[in-house]
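S.K.: Mind folding the following:
(one chain, ligands or ions: 1)
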Amino acid sequence: MEIRLEPTGAPKVKPDWNNLSFGRYYTDHMFILDYAEGRGWYDARVVPYAPLSIDPAAMVLHYAMEVFEGMKAYYSSDGRVLLFRPLENAKRLNSSSARVCLPHLPEETFIAAVSALVRADQDWIPRQPGASLYIRPYLIADEAHLGVRLPLTCKFLVICSPVGAYYPEGLDPVRIYVEDEYVRSVIGGTGETKCGGNYAASLIAQKKAQDLGFTQVLWLDGVEHKYIEEVGTMNVMFRLEEEIVTPSLDGSILPGITRDSAIALLRSWGHTVTERKISVAELQQAAKSGALREAFGTGTAAVVSPIGAFSIFGELLPVADGGIGPVAQKLFDNLTGLQWGRLPDVFSWTYEIKM
Ligand SMILES: *Cc1c(COP(=O)(O)O)cnc(C)c1O
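M.R.: Numbers count the residues shown, from 1 in each chain. Presented below is the predicted three-dimensional model:
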């Protein structure tokens with residue numbers, strides 16, 4: 001695939017690298033690739049970052065025909081630009097697309113697009129410890145048509161945003177609200193895909209949790225409201241004595257790449273990791289008996305996020321002493337060590353973008 005580069009004539013002023021936060025600044029360029037039924041993907045280009053011109057009848061605006069990915073580029077101390085398991089993002093974008101009937105994008109095209117944009121905007125990759133370039137690839141149905149049917153035209157886009165360290169002062173445990181009214185997902189629905197509509201539907205519970213003084217929501221299964229699924233935009237793991245347990249991927253949970261990487265690392269260190277159903281009653285009991293030694297979320301943004309306490313049906317239950325567990329800390333250190341190329345790449349997870 002040939003990618004046309006149209007460099008910006010007006011580079012933006014760079015942000016304050018020490019005060020980036022998340023999703024506030026966007027780089028100088030964006031990647032766009034068009035799709036038309038019968039023609040396939042065409043006109044790959046890196047162009048100046050600018051508002052899109054889109055028909056008000058575009059299907060994405062009415063029926064949420066959109067899927068996305070979230071990944072990062074890391075600047076290593078020896079000056080390499082690294083992605084972490086980008087092929088997994090490419091594959092997951094396609095499984096999300098398949099569920100909502102958007103077109104398949106060749107995986108090598110996905111990686112070439114991300115690489116071309118990061119290369120064009122390489123001076124936007126933060127060098128501060130823990131900071132990185134967040135990458136948002138996404139696919140939309142841009143055809144102007146109000147009938148509910150498969151789209152005839154789409155666009156694949158990539159934008160980038162420099163982001164600061166999620167935990168600039170070291171890991172900090174979060175308080176989680178177990179949501180017992182709203183549900184995120186059911187088996188057969190779209191919960192295992194990264195499609196835009198899922199997140200619109202989740203906001204009401206996030207607002208409720210935040211109004212009550214909690215950071216995020218822990219979702220329960222959509223049928224019985226009994227089994228633990230995941231946290232906001234993270235998968236969740238528990239350490240019960242020495243065993244690590246995490247909800248199995250049975251169709252309603254997002255298959256996180258951080259989750260998969262954490263499981264591989266934990267197993268390589270000799271931990272038993274069990275993927276199974278975990279009821280909220282079991283969690284409650286384990287928290288009370290002291291068997292629950294650690295709880296943490298895993299996801300690209302925070303990498304590993306220790307959970308200090310849960311609110312379960314009105315009862316506040318601390319996790320052990322409410323601090324940062326040794327397994328969460330070790331996972332965080334090792335995952336970030338691999339992502340920034342500080343540790344030997346024994347799993348072949350890093351992908352270097354040649355500049
Ligand atoms: C993106 C996401 C995750 C984490 O996936 P990673 O690949 O680890 O970043 C978990 N849950 C939900 C709902 C998500 O959207």
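S.K.: Next to the ligand, which bits of the stretch 51-200 of the chain? Give me the list.
M.R.: Within the stretch 51-200 of the chain, the positions near the ligand by Cβ under 6 Å from any ligand atom are 70, 194. The way it works is simple: take the backbone N, C-alpha and C, and place the C-beta from them, glycine included.
S.K.: Which stretches in the stretch 51-200 of the chain count as strands?
M.R.: Along the stretch 51-200 of the chain, counting by DSSP state E, counting those that start in this stretch, strands occupy 66-68, 71-75, 81-84, 132-141, 153-163, 174-178.
S.K.: Only the buried residues of the longest one, if you could.
M.R.: For strand 153-163, a neighbour-count test (16 or more other Cβ atoms under 10 Å) marks 153-163 as buried.
S.K.: Turn the strands of the stretch 51-200 of the chain into a markdown table, columns for mean pLDDT.
M.R.: As requested, these are arranged in a markdown table below (pLDDT from 0 to 100):
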| stretch | mean pLDDT |
| --- | --- |
| strand 66-68 | 98 |
| strand 71-75 | 98 |
| strand 81-84 | 98 |
| strand 132-141 | 98 |
| strand 153-163 | 98 |
| strand 174-178 | 96 |
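S.K.: Turn those strands into JSON lines, columns for distance to Glu108.
M.R.: Converted to JSON lines, the strands of the stretch 51-200 of the chain look like this (distance: least, Cβ to Cβ, whole Å):
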{"stretch": "strand 66-68", "distance to Glu108": "18"}
{"stretch": "strand 71-75", "distance to Glu108": "16"}
{"stretch": "strand 81-84", "distance to Glu108": "14"}
{"stretch": "strand 132-141", "distance to Glu108": "14"}
{"stretch": "strand 153-163", "distance to Glu108": "13"}
{"stretch": "strand 174-178", "distance to Glu108": "37"}
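S.K.: among those, which is nearest Val319?
M.R.: Of all the strands of the stretch 51-200 of the chain, it is strand 174-178 that lies closest to Val319, at 9.2 Å by Cβ to Cβ.
S.K.: hmm, who's touching the closest one?
M.R.: With contacts defined as Cβ atoms under 8 Å, 6 or more residues apart in numbering, strand 174-178 is touched by 208-209, 212-218, 220, 231, 280, 297, 305-313.
S.K.: try 7 Å this time
M.R.: With Cβ atoms under 7 Å, 6 or more residues apart in numbering as the test, strand 174-178 has contacts from 209, 212, 214-218, 220, 231, 280, 305, 307-312.
S.K.: Could you report the pLDDT at Val232?
M.R.: Small correction: residue 232 is Gly, not Val. pLDDT recorded at Gly232 is 88.
S.K.: So which of the contacts of strand 174-178 are in strands?
M.R.: Within the contacts of strand 174-178, residues falling in strands by DSSP state E are 216-218, 220, 231, 305, 307-312.
S.K.: buried stuff in the longest helix along the chain?
M.R.: The longest helix of the chain (DSSP state H) is helix 196-211. For helix 196-211, burial by neighbour count (16+ other Cβ under 10 Å) applies to 196, 198, 201-202, 205-206, 209.
S.K.: For burial, what's the neighbour tally of the nearest residue to Leu5 once chain neighbours are set aside?
M.R.: Spatial nearest neighbour of Leu5, excluding adjacent residues (Cβ to Cβ, 6 or more residues apart in numbering): Val46 at 4.9 Å. By the criterion of other Cβ atoms under 10 Å, Val46 has 23 neighbours.
S.K.: In contact with the spatially closest residue to Asp345 that is not a sequence neighbour, which residues are there?
M.R.: The shortest distance from Asp345 to any non-neighbouring residue, by Cβ to Cβ, 6+ apart, is to Leu338 (6.6 Å). Residues near Leu338 by Cβ under 7 Å, 6+ apart: 345, 349-350.
S.K.: List the buried residues in the host helix or strand of Leu338.
M.R.: Take DSSP states H and E as the rule and Leu338 turns out to sit in helix 326-339. Neighbour-count burial for helix 326-339, counted by 16+ other Cβ under 10 Å, picks out 327-329, 331-332, 334-336, 338-339.
S.K.: circling back to that earlier point, going through the contacts of Leu338, which ones are buried?
M.R.: By neighbour count, with 16+ other Cβ under 10 Å, the contacts of Leu338 hold 349-350 as buried.
S.K.: List just the nearest of the contacts of Leu338 to the ligand.
M.R.: Among these, Trp349 lies closest to the ligand (Cβ to the nearest ligand atom), at 12.5 Å.
S.K.: just how off-centre is the helix holding Leu338 within its chain?
M.R.: 17 Å (Cα atoms, centre = their mean, to the nearest Å).
S.K.: now the angle from it to strand 132-141?
M.R.: 80 degrees (axes from the mean of the first three to the mean of the last three Cα atoms, to 10 degrees).
S.K.: Mean confidence (pLDDT) on helix 326-339, please.
M.R.: For helix 326-339, mean pLDDT is 98.
S.K.: Kindly export the helix or strand just after it (C-alpha atoms) in CSV.
M.R.: Next in sequence after helix 326-339, counting helices and strands by DSSP H and E, comes strand 350-353. Coordinates of the C-alpha atoms in strand 350-353 are reproduced here as CSV (Å, rounded to 0.1, in the frame of the first residue of the first chain):
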residue,chain,number,x,y,z
THR,A,350,7.7,-5.1,20.9
TYR,A,351,7.5,-3.7,17.3
GLU,A,352,10.0,-1.1,16.4
ILE,A,353,8.9,1.6,13.9
